[in-house]
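# Provided below are the primary sequence and the corresponding predicted coordinates.
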Amino acid sequence: MEMIKTGRPPTSWRVLNGAQLKYIAFLSMLLDHVNNALITPYLDGKGPLLHVSNLLSILGRVAFPLFMYFLVEGFFKTRSRKKYLINLLLFAVVSEVPFDLFTSRELFNNNWNNMMFTLALSLVTIWIVDELKGRLSKKSAALWYGASIVVVAVMCAVAMFFSLDYDYHAIIVAYLFYLFYEKPIYGTALGYLSIIKELYSILGFVATLTYNGQRGKQYKWLNYAFYPVHILILGLLRVALNI
């Protein structure tokens, strides 16, 4: 009944802290990227390697919902949203050459831009929506909802224009996690429906419901550096192995 009344998962579900969930997300992302960089190019449509690739792809769907969830969590909990955004943009710039090596074996390719830019744009989106909430919701909740949808639509267009990783899906999921921050069951369900074409992302969305609200022991710069470092290594391996 707790889940139905409040929109929050039962206490018995909330068993993992922020650090544990983030490192699950890192592992998921690493498995997915290893699969894409080093295994997928060798697939011929059959054999045991295909099954390994499929398994890694499924496990790799856990990361995205968790990263989007903790972006919104960070928005509400950070001491400085400005510094949070600057850090995301800084590491987005740092990550772009590694990302291009990883995805295309080129030093620069503007056809696809890395996830840190996506997170930064998602943060800007919910920040603007939050500012509008403070100004409009007291006058008219409907006016605020309408304005927030316009903001989300514009940011979705921006994400697609710049070919950001996960493009408009990330903007929508961030908005839903923001909108239902106090009722994560609803945010999780609607977030999954918004990207249901990624069927196995349900693993990551369900994982967000296990968050117990505790930060856990985290290493700030590891959280930021893991992304560019691991894709740089994979990108260099692709170049060295010519795959």
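Cool, the structure landed. Quantities reported herein were computed from a predicted structural model and do not represent experimental measurements. Residues are numbered from 1 along each chain as shown.

# lowest-confidence helix or strand of the protein?
The weakest-scoring helix or strand in the chain, judged by mean pLDDT, DSSP states H and E, is helix 2-6 (a mean of 59).

# Give the next helix or strand downstream of that helix.
helix 18-34 (DSSP states H and E).

# now for that next one, which elements pack on it?
helix 48-59, helix 63-77, helix 202-208, helix 220-241 (3 or more C-beta pairs under 8 Å, 6 or more residues apart in numbering; DSSP states H and E). Quick note: C-beta positions are derived from backbone N, CA and C, even for glycine.

# The shortest one - contacts with which helices or strands?
With contacts defined as 3+ C-beta pairs under 8 Å, 6+ apart, the packing partners of helix 202-208 are helix 18-34, helix 63-77, helix 184-194.

# now the longest one, how far from the chain's geometric center?
What that stands for is helix 18-34. Put simply, helix 18-34 sits 11 Å off its chain's centre (C-alpha atoms, centre = their mean, to the nearest Å).

# Please enumerate residues in contact with it?
The contact list for helix 18-34, computed with C-beta atoms under 8 Å, 6 or more residues apart in numbering, reads 16, 56-57, 59-63, 66-67, 70, 73, 102, 204, 207-208, 210-211, 214-218, 223, 226-227, 230-231, 234.

# Can you select the buried ones from those residues in PyMOL?
Listed next is the PyMOL selection for buried residues among those, using 16 or more other C-beta atoms under 10 Å:
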select buried, resi 16+56+57+59+60+61+62+63+66+67+70+73+102+204+207+208+211+223+226+227+230+231+234
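
# A189 is in contact with V206, correct?
No - at 10.1 Å, V206 does not count as touching A189 under the criterion of C-beta atoms under 8 Å.

# which residues of this protein score low on pLDDT?
1-5 (pLDDT under 70).

# Name the SS class of the residue of it positioned farthest from its centre, please.
Most distant residue from the mean C-alpha position of the chain: K139, 32.7 Å away (C-alpha atoms, centre = their mean). Under the three-state scheme (DSSP: H, G, I helix; E, B strand; the rest coil), K139 adopts coil.

# So it versus K133, what's the distance?
For K139, the distance to K133 equals 11 Å [C-beta to C-beta, to the nearest Å].

# try A63
Taken as C-beta to C-beta, the span from A63 to K133 is 29 Å.

# Could you do V124 as well?
Distance, V124 to K133, by C-beta to C-beta: 15 Å.

# can you tell me the helix or strand for T118?
In this structure, T118 is located in helix 115-136 according to DSSP H and E.

# who wins for proximity to N242 among the helices and strands packed on helix 202-208?
Of all those, helix 18-34 sits nearest to N242, with 17.2 Å by C-beta to C-beta.

# Pull the closest one out as CSV, backbone CA atoms only.
In CSV, the C-alpha atoms belonging to helix 18-34 read as follows (Å, rounded to 0.1, in the frame of the first residue of the first chain):
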residue,chain,number,x,y,z
GLY,A,18,24.2,6.1,-4.6
ALA,A,19,27.8,4.9,-4.9
GLN,A,20,26.7,1.3,-5.4
LEU,A,21,24.2,2.2,-8.1
LYS,A,22,26.7,4.5,-9.9
TYR,A,23,29.3,1.8,-10.0
ILE,A,24,26.7,-0.7,-11.3
ALA,A,25,26.0,1.9,-14.0
PHE,A,26,29.8,2.2,-14.8
LEU,A,27,30.1,-1.5,-15.1
SER,A,28,27.0,-1.7,-17.4
MET,A,29,28.4,1.1,-19.6
LEU,A,30,31.8,-0.6,-19.8
LEU,A,31,30.4,-3.9,-20.8
ASP,A,32,28.2,-2.2,-23.5
HIS,A,33,31.1,-0.2,-24.8
VAL,A,34,33.5,-3.2,-24.9
